[in-house]
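Undergrad: next one to model:
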Amino acid sequence: MQTEHTVLLVSADAELLDGAAAALGGDPDYRLILCRSEQEAATRLDALQAHLVVCDADLIADEASNVLVGARISHPHVARVLVGAPDAAEKCAAIARRAASYLYVIKPVPTDLIRLLAKRALELSELSRRHRVLSRELKISMDDDIFAEHEEFSVKGGRSQFEKLVYVSAKMAELCVEAKQAAATELPVLIQGETGTGKELLARAIHFNSKRMNSPMHVQNCGGMSDDTLHSELFGHLRGAFTGAVADRLGLFRAADGGTVFLDEISEISPSFQVSLLRFLQEGEVKPLGSDRLYHADVRVIAASNRPLDKLVERGEFRRDLYYRLKGFELHIPALRERPEDVPALTEFFIEKYAGVVGRRVVGVTKDALAKLQAYDYPGNVRELETEIRRMVAVAEQGGYISARHLSLAFERVPLHKPEAMPFATSGASLKEMVESLEKQAVAASLQRHHWNQSRAADELGLSRVGLANKIRRYGLNDA
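TA: Presented below is the predicted three-dimensional model:
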């Protein structure tokens, strides 16, 4: 069954309206929506899943700000056609240029031409969409081919370049500048950021833009591993070194000689293993379990943590000397809620990515759905947005838009206007009362940001779990 295409015609010209109705009105492949003003068209465009907008230049008062330019910004996948009078060529050229219109047509427009224009404009829009998807797939395929030529690489997904990181925010642009500076050196790198912000992706970009790019990069997650297991993974072991050691194991440090080892969740390693890692960073020597021999390994270490290491150092939970060894360069990836301007670009990227995966043609995302996506706090950061878009693409209609009704419950409940901050009382309050009021606001705001995850809130506030629990009881806070 062929998809019905929605065509939005914006005109007050009776001849043009009648011609469009005659050309498309009875065609089951098209749904024709007539609008007699720009304001009406803008409202309908946000509410409808339009595929084509045809606009009469006679209704456009502002060449720089009009329904076609608005459609280009908020609905970039919608095809745009401008219709104008013969004596308005200069005005129409300026509008068409700003709106990136597919075509400018001079009135009067014959019925047959209207039908042909609609068909060709929609075909071009679909070809453009397929080109974007195929271009993305080609890049991924080329990366995988490069990756396959180096079987020792343990990084999944191929090589990662800074140009492939999706962002528009100044915060991420500044981070990439710092990361490129780090890539040009041999210093260790410490990447800090919440879970799901893309720490491994950034580490991969640093490696593949460094002098070590032609040598292997291996990844090790340090969370939830015993010292013996982690030592075996990184330093290796000999056969018979312990129960279950049925064969020699080289270890990632020696396997990555000349390259990079990425240690994720570095904050989770035990105090005793911190000593072993510090010794390796100082000497570059590896002693496998069960062996008396020392081996040298030329490895650059990039470490990552979703907990602030400086606070762990202050609390005596992480060695200060190891912290300073790891932070040759220290990079902080901002949480997604701190850069909501990146959400539209990431959303478009994930729609194109997963539309190809699930075999579904999705035109774009509606304005109301995008507003909800931008307003969400993202405790899971970019990974959570990716999961949400993947699910929405899977349930969206073929050839349609992702809209607010496709959002999961957590996103659907997000208010589009943030509640005002608690007023800070000054009149008649003592200094102690003002300090307590400010502290209560800070604790409540941190808990709300982290969806009442008390471990994350405590880390952010520099408190212990017990200290945070005491303040929650003291101020009568609750997860309402």
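Undergrad: isn't Phe329 up against Val189?
TA: Yes. Between Phe329 and Val189 there is a contact under C-beta atoms under 8 Å: 4.7 Å. No exception for glycine: its C-beta is placed from N, CA and C like everyone else's.
Undergrad: identify the contacts common to the two.
TA: Residues touching both Phe329 and Val189 by C-beta atoms under 8 Å, 6 or more residues apart in numbering: Ala182.
Undergrad: quick one: which of these two has more around it?
TA: Using other C-beta atoms under 10 Å as the criterion, Phe329 and Val189 rank with Val189 on top: 27 against 18.
Undergrad: quick check: bridge partners of that one?
TA: Per DSSP bridges, the residues bridged to Val189 are Ile302, Phe329.
Undergrad: was I right about it contacting Ile333?
TA: No. Val189 is not in contact with Ile333 according to C-beta under 8 Å; the separation is 12.0 Å.
Undergrad: mind listing the shared neighbours of those two?
TA: Common neighbours of Val189 and Ile333, using C-beta under 8 Å, 6+ apart, do not exist here.
Undergrad: per-residue pLDDT, Leu52?
TA: Leu52 carries a pLDDT score of 87 in this model.
Undergrad: show me what it is bridged to.
TA: Val7, Ala79.
Undergrad: any weak-confidence spans in the protein?
TA: 1-4, 128-161, 163, 417-429, 479-480 (pLDDT under 70).
Undergrad: how many residues are close by Glu63?
TA: Other residues lying near Glu63 total 19 when counted by other C-beta under 10 Å.
Undergrad: next one: Val246
TA: 8.
Undergrad: can you tell me the SS state at the nearest residue to it once chain neighbours are set aside?
TA: Of all residues not flanking Val246 in the chain, Arg239 sits nearest, at 6.5 Å (C-beta to C-beta, 6 or more residues apart in numbering). Secondary structure state of Arg239, per DSSP: H, G, I helix; E, B strand; the rest coil, is coil.
Undergrad: now Arg239: phi and psi?
TA: phi -60, psi 130 (degrees, to the nearest 10).
Undergrad: let me know the distance separating it from Ala247.
TA: The gap separating Arg239 from Ala247 is 5 Å, by C-beta to C-beta, to the nearest Å.
Undergrad: do Val301 as well
TA: Per C-beta to C-beta, Val301 is found 26 Å from Ala247.
Undergrad: so for these two, which sits in the more crowded spot?
TA: Val301 (21 against 8).
Undergrad: wait, that one sits on Leu281?
TA: Yes. Applying C-beta under 8 Å as the test, Val301 and Leu281 come out as touching, 6.5 Å apart.
Undergrad: can you check which residues contact both of these two?
TA: Residues touching both Val301 and Leu281 (C-beta under 8 Å, 6+ apart) are 188, 326.
Undergrad: which stretches of the stretch 151-300 of the chain form helices?
TA: For the stretch 151-300 of the chain, the helices defined by DSSP state H, counting those that start in this stretch cover 170-183, 199-207, 227-235, 252-255, 271-283.
Undergrad: okay, these in JSON lines with mean neighbour count and distance to Asp46 next?
TA: Below are the helices of the stretch 151-300 of the chain laid out as JSON lines (neighbours: other C-beta atoms under 10 Å; distance: least, C-beta to C-beta, whole Å):
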{"stretch": "helix 170-183", "mean neighbour count": "16", "distance to Asp46": "28"}
{"stretch": "helix 199-207", "mean neighbour count": "24", "distance to Asp46": "33"}
{"stretch": "helix 227-235", "mean neighbour count": "19", "distance to Asp46": "53"}
{"stretch": "helix 252-255", "mean neighbour count": "21", "distance to Asp46": "52"}
{"stretch": "helix 271-283", "mean neighbour count": "15", "distance to Asp46": "54"}
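Undergrad: quick check: which element contains Ile351?
TA: helix 343-358 (DSSP states H and E).
Undergrad: list the buried ones in that helix?
TA: 343-344, 346-356 (16 or more other C-beta atoms under 10 Å).
Undergrad: do stretch 67-87 as well
TA: In terms of neighbour count (16+ other C-beta under 10 Å), stretch 67-87 has its buried residues at 67-72, 74-75, 77-84.
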